[in-house]
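> Just a sequence and a predicted model for now, questions to come.
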Protein chains: 2
Amino acid sequence: MKKEEKNLYEAKAKIFKALAHPTRLWIAEKLGQGECCVNNLVEPLGADFSTVSKHLSVLKEAGVVDDEKRGKQVFYSLKVPCVLGFMSCVEDVIENRIREQVGLLNRRKIDGVVKSSDILR
Amino acid sequence: MKKEEKNLYEAKAKIFKALAHPTRLWIAEKLGQGECCVNNLVEPLGADFSTVSKHLSVLKEAGVVDDEKRGKQVFYSLKVPCVLGFMSCVEDVIENRIREQVGLLNRRKIDGVVKSSDILR
DNA sequence: TGGTTATTTGGTTATATTACCAAATGTAAA
DNA sequence: TTTACATTTGGTAATATAACCAAATAACCA
């Protein structure tokens, strides 16, 4: 890879990286429903303020979200709604994986209840 | 986030994580043009065989690519072409970022040649 | 069988990411 | 101006990633 091409792929990777964390993915989807201040994200996530704040700054730095200070609060919003459009593709990948693993189990003639929590990872 | 919800977001994040590396992103796009064996990826990337092989296994583990051994070679292919569809969105994000930074520069009345390599990161 | 090619695996080291706590900042209300 | 609230920043420790080298495996050919 040439240097210039590498720069481009690093820039692209940065967007993926920003979304490559369960908490940040959750935040992105939440913001897809409308803007939200940090406080209102902290509680449902069950994480520290500072942790959530840092996740938000990663998303902001990547250009995925926007922030706006109004009064004492900072309101974050999803800047690029198209990221949500990718989720159905991601869910397809996950479904495929589950299907394959269920297939494997069946081929091995192991019967039993298969919980999604067993397969997703 | 409840445990089950967390599992789902971790599964989604895994897909993003798999693509969140310049090399792996490059590989995904390359495979979008057709299957390819490891050997043919190593040279243009300029990385070690083992490095490329490990990147491929991350992509495979995430369900993004498929592998098939034929003779001495292993052919990798893009299993989920929809990931490529997301790239235009990613490029939008990058373009926005560039536009904003150029805007910043102009507002600061700093003139000069702005190279994409300066801004992309 | 023994050698050659293609790829993967294991080990190691360097770097990056994440979470939490404590302290700092900024804003508004008393 | 003091106080309280909302958020960010800095520090630190634990864990995860990434790159390379060396060695192992696997498939084919002589």
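The structure has been received and is ready for your questions.

> residues from chain A in reach of DNA strand D?
Chain A comes close to DNA strand D at residues A:37-39, A:42, A:49-50, A:52-54, A:56-57, A:67, A:72-74, as judged by C-beta under 7 Å from any atom of the strand. C-beta: built from backbone N, CA, C; applies to glycine.

> what about 10 Å?
Applying C-beta under 10 Å from any atom of the strand, we find that chain A lies next to DNA strand D at A:13, A:17, A:20-21, A:36-43, A:48-57, A:60-61, A:67, A:69-76.

> Could you tell me which of those residues count as buried?
Neighbour counting over the residues of chain A next to DNA strand D (16 or more other C-beta atoms under 10 Å in any protein chain shown) leaves A:13, A:17, A:20-21, A:36-38, A:41-42, A:52, A:55-56, A:67, A:75-76 as the buried ones.

> Point out the ones among these that are inside helices.
Among those, the members falling in helices (DSSP state H) are A:A13, A:K17, A:V38, A:L41, A:V42, A:V52, A:H55, A:L56.

> If we check DNA strand C, which of those residues are in contact?
Applying C-beta under 10 Å from any atom of the strand to those, those adjacent to DNA strand C are A:A13, A:K17, A:V42, A:V52, A:H55.

> how about those, which pair is most distant?
The span of these, defined through C-beta to C-beta, is set by A:A13 and A:V42 at 28.2 Å.

> And the strands in chain A, which stretches?
A:36-37, A:65-70, A:73-78 (DSSP state E).

> Can you name the residues in contact with the last one?
Outside of strand A:73-78, the residues that reach it under the criterion C-beta atoms under 8 Å, 6 or more residues apart in numbering or on different chains are A:27-28, A:31-32, A:34-39, A:41, A:56, A:59-60, A:64-69, A:84.

> give me that answer again for 7 Å
Residues outside strand A:73-78 that contact it (C-beta atoms under 7 Å, 6 or more residues apart in numbering or on different chains): A:28, A:31-32, A:35-39, A:56, A:65-68.

> From the residues you listed, pick the one nearest B:E4.
Nearest to B:E4 among the contacts of strand A:73-78, with distances taken as C-beta to C-beta, is A:A28, at 19.2 Å.

> these two touch, right, A:V42 and A:F49?
Yes - in this structure, A:V42 is within contact of A:F49 by C-beta atoms under 7 Å, at 5.5 Å.

> quick one: contacts for the spatially closest residue to A:A47 that is not a sequence neighbour?
Counting by C-beta to C-beta, 6 or more residues apart in numbering or on different chains, A:T23 is the residue found nearest to A:A47 once chain neighbours are left out, at 6.6 Å. By C-beta under 7 Å, 6+ apart, the contact set of A:T23 is A:L45, A:A47, A:H55.
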